[in-house]
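**Q** need a structure here:
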Amino acid sequence: MNSVKFAAVVAAAVLVSGCATTKYYQVAGSEGFDTANYRCMQESQPSGSFEVRGSQNFVAGAMIGNAIAQGVVAHRVFKACMAAAGWAPGDAPSAPSAPVAQKVAECDSMCQTARKNMQDACDVGLVPAAKCNW
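**A** Prediction:
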């Protein structure tokens with residue numbers, strides 16, 4: 001297999017691997033996903049021109065290298081744009097499970113009881129006034 005065909009196969013594999021979809025979830029901002037996605041796709045489009053001269057193999061390699069570089073830059077610009085719009089890649093964090101939520105509620109209840117007991121101790125003078133300013 002000559003170098004041009006090999007480079008074309010490698011470039012095709014890289015480009016196809018970039019076609020995988022990424023899920024996003026909203027962490028901030030009010031811009032909807034479709035609006036942010038469209039705007040970021042527009043902003044990440046490569047611009048400018050590319051010129052190369054040389055042998056057929058050199059031109060093919062330079063074109064493939066340029067295409068890969070533009071793809072990498074476009075991907076980074078897109079990710080940065082989505083982050084700025086308040087969207088993060090991945091699945092949204094799940095709510096805590098029932099046992100975890102129950103433990104959190106129990107801890108909150110104990111903290112409230114401890115605060116009330118401390119306030120009661122402050123009110124009757126069992127705790128120095130300096131420690132009651134919280």
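**Q** pretty sure Tyr25 belongs to a strand, no?
**A** Yes. Per DSSP: H, G, I helix; E, B strand; the rest coil, Tyr25 lies within a strand segment.
**Q** the residue nearest to it when sequence neighbours are not counted: how many residues sit nearby?
**A** Nearest non-adjacent residue to Tyr25, counting by C-beta to C-beta, 6 or more residues apart in numbering: Ala92, 3.7 Å away. Any C-beta I mention is one placed from the backbone N, CA and C, and that applies to glycine too. Using other C-beta atoms under 10 Å, the number of residues around Ala92 comes to 11.
**Q** then Ala62?
**A** Counted by other C-beta under 10 Å, the residues lying close to Ala62 total 15.
**Q** I figured the residue nearest to Tyr25 hits Tyr24, correct?
**A** No. At 9.2 Å, Ala92 does not count as touching Tyr24 under the criterion of C-beta atoms under 8 Å.
**Q** pretty sure the residue nearest to Tyr25 sits in a strand.
**A** No. With three-state DSSP as the criterion, Ala92 is coil rather than part of a strand.
**Q** helix, strand or coil: sort out Gly29 for me.
**A** Following three-state DSSP, we place Gly29 in the coil state.
**Q** mind checking pLDDT for it?
**A** The score at Gly29 is 79. That number is its pLDDT.
**Q** please apply the same query to Ala8.
**A** Ala8 is given a pLDDT of 61.
**Q** equivalent analysis for Gln70, please.
**A** 91.
**Q** any idea how far it is from Val77?
**A** 10 Å (C-beta to C-beta, to the nearest Å).
**Q** same deal with Leu126?
**A** Counting by C-beta to C-beta, the gap from Leu126 to Val77 is 63 Å.
**Q** which of those two has more neighbours?
**A** Val77 (15 against 9).
**Q** helices of this protein, start to end?
**A** Along the chain, the segments classed as helices by DSSP state H run 3-17, 33-43, 56-84, 98-123.
**Q** out of those helices, the one nearest Ser49 is which?
**A** Nearest of the helices of the chain to Ser49, taken as C-beta to C-beta: helix 56-84 at 10.4 Å.
**Q** quick one: buried residues of the closest one?
**A** Buried residues in helix 56-84, counted by 16 or more other C-beta atoms under 10 Å: 60-61, 64, 70-71, 74, 78-79, 81-83.
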